[in-house]
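Trainee: coordinates for the following, if possible.
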Amino acid sequence: MFWIGILLTGIGLVIGLSGRGWTVFLIGICCVVLGIITSQIPVVHLGNELKSIDESLTPKQVSDLASRHLLKRGDDAVDTEFFLGAFESVKKDRKAAERGDADAQYSLGLHYQQGFGVAPDEAEAVKWFRKAVEHGDAMSQFKLGDCCFNLGNCYLHGKGVIKDLDESVKWFRKAADQNNAKAQYNLAFAYHNGKGVEKNDVEAVKWFRKAADQENKDAQYNLGVCYADALGVTKDATEAVKWFRKAAEQNSAAAQYNLGLCYRDGFGVAKDDVEGKKWFNKAIEQGYIPTK
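Mentor: The predicted model follows:
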């Protein structure tokens, strides 16, 4: 707009400041001024993912930002609808959360954790997850499990809190007891590696199995490893192949590679070089590099 104005102003001066030249000159000046004004307005670039916005903005200001975004990019309106929806969701959840609504506290924690409709803030996420857990009896089993799992992850990685493996195991256990498959896998992994809890392969197998039964491919792969290497269970090549196959069919590259080894070596399955090569190739296509 600014440069169009400069061009029109120049044309007006060339024609002369009378008649049509004067009109072109004035239009050019208006374009220059409009270009300067609009250049000072922040443009929201959403791309394919929702970006954080300032919660202090009014719905009208958010709508204006979203509209300018569409005019600039020419994308479909889906992004803008999510943009506005996230903004309104944060405001709604905050009001309910401050009244003690556990579901809203859980939702607000997710907003802060993911930067959805508000600037990402791990400490705020932990704060609201913890409040939600305090009212856990009012939440569904799924939400309570997910909330505890998120708290466990925060302590495991030191996000919003000081890293504490013991505390992470505590929350993973609470989530696992709510049948959260991701927490069951993480709890099994903690037992398997002795991180935050005393190493115990029998307990690891127990929790790997619970997660594997819920189709968690990482748990299925690790359960296969336990059967292959006699970790917490009696060595059983057939069971190892069974769990490697389940994980491989869910596109676990490590499981695909191990299943290839089983076919190559005739471990728990009839030796078959063609089938082995097939699974090796699937793993390689995903960039898998064996650790040993």
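
Trainee: show me where the protein has helices.
Mentor: For the chain, applying DSSP state H gives helices covering 2-15, 20-39, 59-73, 78-98, 102-114, 122-134, 141-157, 165-177, 181-193, 201-212, 217-229, 237-248, 253-265, 273-285.

Trainee: mean pLDDT and mean neighbour count for these - can I get that in CSV?
Mentor: Where you see a C-beta, it was placed from the backbone N, CA and C, and this is true even at glycine. What follows is these, written out as CSV (pLDDT from 0 to 100; neighbours: other C-beta atoms under 10 Å):
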stretch, mean pLDDT, mean neighbour count
helix 2-15, 47, 15
helix 20-39, 49, 15
helix 59-73, 54, 15
helix 78-98, 76, 17
helix 102-114, 90, 23
helix 122-134, 93, 20
helix 141-157, 92, 22
helix 165-177, 95, 21
helix 181-193, 96, 24
helix 201-212, 98, 21
helix 217-229, 97, 24
helix 237-248, 97, 21
helix 253-265, 96, 22
helix 273-285, 96, 15
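
Trainee: tell me which of the ones you listed sits nearest to residue 291.
Mentor: Closest of the helices of the chain to residue 291 is helix 253-265, at 9.0 Å (criterion: C-beta to C-beta).

Trainee: outside of the closest one, which residues touch it?
Mentor: 217, 220-221, 224-225, 228, 237, 240-241, 243-248, 267-269, 271-273, 275-280, 282-283, 286-288, 290 (C-beta atoms under 8 Å, 6 or more residues apart in numbering).

Trainee: what does stretch 210-230 give?
Mentor: 176, 179, 181-182, 184-185, 188-189, 192, 201, 204-205, 207-209, 231-233, 235-237, 239-244, 246-247, 250-252, 254-255, 258, 267.

Trainee: one more pass at 7 Å, please.
Mentor: With contact meaning C-beta atoms under 7 Å, 6 or more residues apart in numbering, stretch 210-230 is reached by 181, 184-185, 188, 205, 208-209, 231-233, 235-237, 239-240, 243-244, 246-247, 250, 252, 254-255, 258.

Trainee: what's the answer for stretch 277-284, then?
Mentor: With C-beta under 7 Å, 6+ apart as the criterion, stretch 277-284 contacts 248, 253, 256, 257, 259, 260, 263.

Trainee: 10 Å instead?
Mentor: For stretch 277-284, the external contacting residues (C-beta atoms under 10 Å, 6 or more residues apart in numbering) are 244-245, 248, 251-264, 272-273, 288-290.

Trainee: same deal with stretch 159-167?
Mentor: Applying C-beta under 10 Å, 6+ apart, the set of residues contacting stretch 159-167 is 109, 112-113, 121-127, 129-130, 150-158, 168, 170-171, 190, 194-197.

Trainee: can I get the CA coordinates of it in PDB?
Mentor: Extracted in PDB, the C-alpha atoms of stretch 159-167 (Å, rounded to 0.1, in the frame of the first residue of the first chain):
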ATOM      1  CA  LYS A 159       9.300 -28.500  33.300                       C
ATOM      2  CA  GLY A 160       7.700 -25.900  35.600                       C
ATOM      3  CA  VAL A 161       9.200 -27.700  38.700                       C
ATOM      4  CA  ILE A 162      12.600 -28.900  39.900                       C
ATOM      5  CA  LYS A 163      13.300 -32.300  38.300                       C
ATOM      6  CA  ASP A 164      12.400 -35.000  40.800                       C
ATOM      7  CA  LEU A 165      12.400 -38.700  39.600                       C
ATOM      8  CA  ASP A 166      10.800 -39.900  42.800                       C
ATOM      9  CA  GLU A 167       8.000 -37.400  42.500                       C
END
